[in-house]
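Enquirer: next input, structure requested:
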Amino acid sequence: MIHNRLAPYGAFTIRAALGIMFIAHAYLKIAVFTAPGFAGFLGQVGFPPFLAWPIILAELIGGIAILTGFYARIFSVALLPVLLGALLVHAPNGWVFNAPNGGWEYPAFLAAAAIAHVLIGDGAFALKPVTLPANSAPALRPRIG
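Expert: Numbering: from 1, shown residues only. Model (predicted):
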């Protein structure tokens, strides 16, 4: 059962955490790894190094949009390829993220959180929420009779 009065705040919590995580990861790539260092890493794991700045900017701009609720659901969908790329990079390292070079459970969880955000909605405090058309999906109500 969904608590209609509190659900918007739960959705906001997921949205805010996801947005903050993307901003933090963009900052990490700029301030700690540096853009050239991240580009080198991408090359080492088989991705084109020129993707470094597009990924950093996608995480930063997308994270701000998700955090503020500015077309946030669209940004959560748009950032799924970044999360799935991270999942592919970390998959060979095993499940636990504290394994050497990080495991895949954290990117998998973030991808699931982004999908949940898209399905649940923006929740409370969104600047420009995105609503799906009313007839875009069938109602998930049990039939009686």
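Enquirer: show me what the longest helix along the chain packs onto, helices and strands only.
Expert: Taking DSSP state H as the criterion, the chain has its longest helix at helix 7-27. In this structure, helix 7-27 makes packing contacts with helix 52-68, helix 72-78, helix 105-120, judged by 3 or more C-beta pairs under 8 Å, 6 or more residues apart in numbering; DSSP states H and E. In short, each C-beta sits where N, CA and C put it, glycine included.
Enquirer: what does the longest one contact?
Expert: When you say that, I think you mean helix 52-68. For helix 52-68, contacts defined as C-beta atoms under 8 Å, 6 or more residues apart in numbering pick out 15-16, 18-27, 29-30, 35-36, 38-39, 42, 70-72, 75-76, 78-79, 82, 85, 117, 126-127.
Enquirer: just want the angle from that helix to helix 7-27.
Expert: Taking axes from the mean of the first three to the mean of the last three C-alpha atoms, to 10 degrees, one finds that helix 52-68 is oriented at 160 degrees with respect to helix 7-27.
Enquirer: only alpha carbons, please: show helix 52-68 as PDB.
Expert: Output of helix 52-68 as PDB, limited to C-alpha atoms (Å, rounded to 0.1, in the frame of the first residue of the first chain):
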ATOM      1  CA  ALA A  52      35.600  11.800 -20.400                       C
ATOM      2  CA  TRP A  53      34.200  15.400 -20.700                       C
ATOM      3  CA  PRO A  54      30.700  14.300 -22.000                       C
ATOM      4  CA  ILE A  55      30.400  11.900 -19.100                       C
ATOM      5  CA  ILE A  56      31.600  14.500 -16.500                       C
ATOM      6  CA  LEU A  57      29.200  17.100 -17.800                       C
ATOM      7  CA  ALA A  58      26.300  14.700 -18.100                       C
ATOM      8  CA  GLU A  59      26.800  13.700 -14.400                       C
ATOM      9  CA  LEU A  60      27.100  17.300 -13.300                       C
ATOM     10  CA  ILE A  61      24.300  18.800 -15.300                       C
ATOM     11  CA  GLY A  62      22.100  15.700 -14.900                       C
ATOM     12  CA  GLY A  63      22.800  15.600 -11.100                       C
ATOM     13  CA  ILE A  64      21.800  19.200 -10.700                       C
ATOM     14  CA  ALA A  65      18.600  18.700 -12.800                       C
ATOM     15  CA  ILE A  66      17.700  15.600 -10.800                       C
ATOM     16  CA  LEU A  67      18.400  17.200  -7.400                       C
ATOM     17  CA  THR A  68      16.300  20.300  -8.300                       C
END
